[in-house]
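**Q** Give the three-dimensional model of this entry:
(2 chains)
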Amino acid sequence: MTTLPGTMPIAHALNAGLRAAMETDDKVMLIGEDIGQLGGVFRVTDGLQKGFGDLRVVDAPLGEAGIVGSAIGLAMAGYRPVCEIQFDGFVFPAMNQITTQLAKYRHRSDGRVSLPVVIRIPVGGGIGAIEHHSESPEAYFTHTAGLKVVMPSTPQEAYDMIREAIRSDDPTIFLEPKRSYWLKGQVNRASTPGPLDKAAVVRPGEDLTLVTYGALVPVALKVADVCAEEGRNIEVIDLRSLSPIDDATIIQSVERTGRLVVAHEASRTGGLGGEIASRVQDAAFHSLEAPVLRVTGYDTPYPASRLEEEWLPGLDRILDAVDRSFTY
Amino acid sequence: MTAEPLSLLSQQGTYQPHESLALDPDSVDSQRLLRDMIMTRRVDTEAIALQRQGELGLWPSLLGQEAAQVGAAWALHPQDIVFPTYREHGVAWCRGVDPVNLLGLFRGTTMGGWDPTENNFNLYTLVIGAQTLHAVGYAMGIVRDGDVGTGDPERDRAVLVFLGDGALSEGETNEAFVWAAAQNLPVVFFCQNNQWAISAPYSVQSRVSVAQRAQGFGFEGVRVDGNDVLACLAATREAMASARSGNGPTLIEAFTYRRNPHTTSDDDGRYRSGAENDAWAALDPIERLKNYLKTSGTLDQAFLDGVAQEEEELAEKLRAGCRELPNPAPDQPFRNTYADMPKELESQMNEHLVFVEAGE
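**A** Residues are numbered from 1 along each chain as shown, chains lettered A, B, ... in the order given. Below is the predicted model:
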């Protein structure tokens, strides 16, 4: 397969972003399982240990709490660690360190000590994986004060956002849509990363706002294509930052379109869709022509992969929600 | 079989050298050690009184553990760093943390209380064992900074992390041991085995001694008499020196006893006998050191009078200081949650401030 100059998949863009951050600041270091010689199970850290040595690219013992807990100590000692958790479902052994320690230390120290730790987690389904390899744990993190939570959806965003996350003094959960790791796109390596907390209007439109993030962004763009054939002009917003949520971009959009559909892979109850719906009805109640609709994973454990195609929000389920919105 | 804890001072105050505990007793200012233990106990006694008066919501007492804490703290160089649990009032004292600032967390005026970088003494950790991993990470930083094994006593540094016997049952502590061993990190784990994790006796958690458990991870475990301040000092000095010089971690078990309830909210009468407590009260670490000073003829009454005076001043300072601890401003949690405050949080803060102001 040929690759255009400046074109690369998300996995390579992340690798390039990590490399750039490590070259810029020698306090940046990586820590995770199998990230050294193997280059990570998704090869995101490929070649980095060779380039930067095993003191800066650390193959961790099998202990997720240890990865995050030691990153906290490293940050206290002046380093900027980037942790890799191998799969979404394996972050839970580290949840104690993330929620009770990492997220709270700045507050506990009365603002004196910041912990610039990034935790990279491949998330989401759609790759035919087995148990604990397809989950969407973002709401656990967005519900925790003190954390920032972001998810890129394109190679350029991946390249920019990982560098910006590493530069941030706040602990950042960096979610990587694993289904999109090999999605290719242009990457301008001379780019200056923009703020991490902005949503992006990836396709302007006037008739309905469709908000999503990560691996569902390309699906949402397809939805908009199909709708365009039917004469409906859908605005697609890539949330990018799941915490904080860029309300302003969504609300301005809904004030124009009057309709909102939110799509995410994570289970519905307590998910971000409900949060976004609530914010929009609070700020733009009088602009709404229809209730805010959610297209989400269901409130079940992530199913066996032979079922995931129907379980995951896909083109058809999102189109159904768009149609429903227009029935009001 | 579990080894007898190593000691240097008998209860009667006789000094008995031990080949495994290198210490020249004449090189140690034992009167100053005594003073630090007495002052530490007074911090504890006053804090308990403040809790009884309703000034503190809770206090975890260290009564009986003064020797373990003061002995360990005396082994530190200024550039070493400490990761405490929530009971290390004696270590905080020796590190120079203002004892009034220890009260804020328990009074509800702060979630921390002091600048952890000022005295290289981190904030108390309430989640059992979590700090062991922070210590490991910090020790990784020391290695990467090249501050280990240089031979320069001003430069080489190590981490001293405190834990209780209960923390040994936490997965995170065991992860910390794995990491420290595999990477040969400059970290000393100082476990005060006070024998009770709230109501769970040590036997609920382990069939072998704390010190023995280190072997399974591949580093040294040392079991010392936690009521013998000189033994605690000697063991910690040696372990810290070893860590600073690049020889990796040590686990020290200071075998002692928590003579008060777990905290002021705990009722230890439900799970242990008064007779057990009395037996340990007879092994009081402060009395033991006093006996030693008397026996060796180095107990200076003027010094003791000076300490008694200092104690009264400290008590007054704690009582007044506690009541004067400022309440946090209502915007404090909002401002300190993020380095870069999100707009949504800023609007929540403004909404809250309007509410608070209207209430006045």
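**Q** Around residue B:22, count how many other residues there are.
**A** Residue B:22 has 12 neighbours, counted by other C-beta atoms under 10 Å in any protein chain shown. Every C-beta, even on glycine, is put in place using the N, C-alpha and C of the backbone.
**Q** so what's it up against?
**A** Residues near residue B:22 by C-beta atoms under 8 Å, 6 or more residues apart in numbering or on different chains: B:234, B:238.
**Q** again, only using 10 Å
**A** Residue B:22 makes contact with B:234, B:235, B:237, B:238, B:241, according to C-beta atoms under 10 Å, 6 or more residues apart in numbering or on different chains.
**Q** any idea how far the residue lying closest to residue A:214 once chain neighbours are set aside lies from chain B?
**A** Nearest residue to residue A:214 in three dimensions, chain neighbours excluded: residue A:177, at 3.7 Å (C-beta to C-beta, 6 or more residues apart in numbering or on different chains). From residue A:177 over to chain B the distance is 23 Å, taken as C-beta to the nearest C-beta, to the nearest Å.
**Q** I'd say residue A:177 and residue A:240 touch.
**A** No - applying C-beta atoms under 10 Å as the test, residue A:177 and residue A:240 come out as separate, 11.7 Å apart.
**Q** and for the two, which residues touch both?
**A** Common neighbours of residue A:177 and residue A:240 (C-beta under 10 Å, 6+ apart) are A:151, A:152, A:153, A:213, A:214, A:217.
**Q** contacting residues around the strand or helix carrying residue B:333?
**A** According to DSSP states H and E, residue B:333 maps onto helix B:332-337. Outside helix B:332-337, the residues that touch it by C-beta under 10 Å, 6+ apart are A:103-104, A:106-112, A:145-147, A:170, B:109-112, B:328-329, B:341, B:345-346, B:348-350, B:352-353.
**Q** what's the helix or strand that it is followed by in contact with?
**A** Downstream of helix B:332-337, the first helix or strand assigned by DSSP H and E is helix B:343-358. Here helix B:343-358 makes contact (C-beta under 10 Å, 6+ apart) with A:145, A:197, A:243-248, A:279, B:329-335, B:337-338, B:341-342.
**Q** Which of those residues are buried, as a ChimeraX select command?
**A** To isolate the buried members of the contacts of helix B:343-358 in ChimeraX, using 16 or more other C-beta atoms under 10 Å in any protein chain shown:
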select /A:197,243,244,245,246,247,279 /B:332,334,337,338,342
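**Q** Quick check: the gap between residue B:111 and residue A:247.
**A** Using C-beta to C-beta, to the nearest Å, residue B:111 is found at 28 Å from residue A:247.
**Q** How about the residue nearest in space to the middle of chain B: what's its closest non-neighbour residue?
**A** With the centre of chain B defined as its mean C-alpha position, the nearest residue by C-alpha atoms, centre = their mean is residue B:88, 2.8 Å away. Leaving aside its sequence neighbours, residue B:88 sits nearest to residue B:162 (C-beta to C-beta, 6+ apart; 5.3 Å).
**Q** Contact residues of the stretch 151-300 of chain B facing chain A?
**A** B:159, B:161, B:170-183, B:185, B:187 (C-beta under 10 Å from any C-beta of the partner chain).
**Q** Which members of these occur in helices, if any?
**A** B:171, B:172, B:173, B:174, B:175, B:176, B:177, B:178, B:179, B:180, B:181, B:182 (DSSP state H).
**Q** thought the third one was touching residue B:134?
**A** I take that to be residue B:173. No - using C-beta under 10 Å, residue B:173 is not in contact with residue B:134, being 11.8 Å away.
**Q** neighbours around the residue in the stretch 151-300 of chain B positioned nearest to chain A, how many?
**A** Of all residues in the stretch 151-300 of chain B, the one sitting closest to chain A is residue B:175 (3.9 Å; C-beta to the nearest C-beta). Look at residue B:175: counted by other C-beta under 10 Å, it has 26 neighbours.
**Q** Backbone dihedrals for residue B:21, please?
**A** phi -130, psi 90 (degrees, to the nearest 10).
**Q** no wait, residue A:201
**A** phi -80, psi 100.
**Q** what do you get for residue B:272?
**A** Dihedral angles for residue B:272 - degrees, to the nearest 10 - are phi -150, psi 160.
**Q** same thing with residue B:310?
**A** phi -60, psi -40.
**Q** Helices of chain A, residue ranges please.
**A** Counting by DSSP H, the helices of chain A are A:10-24, A:48-52, A:64-76, A:95-96, A:105-108, A:138-142, A:155-167, A:216-229, A:247-257, A:272-284, A:308-311, A:315-325.
**Q** if I pick residue B:253, what's in contact with it?
**A** Contacts of residue B:253 were listed using C-beta under 10 Å, 6+ apart, and they are B:2-3, B:5, B:68, B:165, B:168, B:189-193, B:209-214, B:221-224, B:226, B:235.
**Q** Among these, which lie within helices?
**A** Per DSSP H, the subset of the contacts of residue B:253 in helices is B:68, B:210, B:211, B:212, B:213, B:214, B:235.
**Q** wait, which of the residues you listed is closest to residue A:236?
**A** residue B:213 (56.2 Å; C-beta to C-beta).
**Q** now the contacts of residue B:253: which count as buried?
**A** B:5, B:68, B:165, B:168, B:189-193, B:209-214, B:221-224, B:226, B:235.
**Q** could you pull out the helices for chain B?
**A** Here chain B has its helices, by DSSP H, at B:30-52, B:66-73, B:89-95, B:99-107, B:130-145, B:171-182, B:210-217, B:229-244, B:274-281, B:285-295, B:301-324, B:332-337, B:343-358.
**Q** As TSV, these with mean pLDDT and distance to residue A:81 would be great.
**A** What follows is the helices of chain B, written out as TSV (pLDDT from 0 to 100; distance: least, C-beta to C-beta, whole Å):
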stretch	mean pLDDT	distance to residue A:81
helix B:30-52	98	35
helix B:66-73	98	28
helix B:89-95	98	26
helix B:99-107	98	27
helix B:130-145	98	8
helix B:171-182	98	13
helix B:210-217	96	23
helix B:229-244	98	21
helix B:274-281	94	43
helix B:285-295	96	40
helix B:301-324	97	37
helix B:332-337	96	21
helix B:343-358	95	25
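**Q** So which of the ones you listed is the most surrounded?
**A** Ranked by mean neighbour count, these are led by helix B:66-73 with a mean of 31 (mean count of other C-beta atoms under 10 Å in any protein chain shown).
**Q** How far off centre is that helix?
**A** Chain-centre distance of helix B:66-73: 8 Å, with C-alpha atoms, centre = their mean, to the nearest Å.
**Q** Find me the pLDDT at residue A:131, would you?
**A** Reading off the confidence values, residue A:131 has pLDDT 89.
**Q** Surely it touches residue A:304?
**A** Yes - applying C-beta under 10 Å, one finds residue A:131 in contact with residue A:304, separated by 8.2 Å.
**Q** so who does the spatially closest residue to residue B:338 that is not a sequence neighbour touch?
**A** Residue nearest to residue B:338 in three dimensions, not counting chain neighbours: residue A:170, with 5.1 Å by C-beta to C-beta, 6+ apart. Neighbouring residues of residue A:170 by C-beta under 10 Å, 6+ apart: A:103, A:106, A:114-118, A:146-148, A:196, B:337-342.
**Q** Good, wrapping up.
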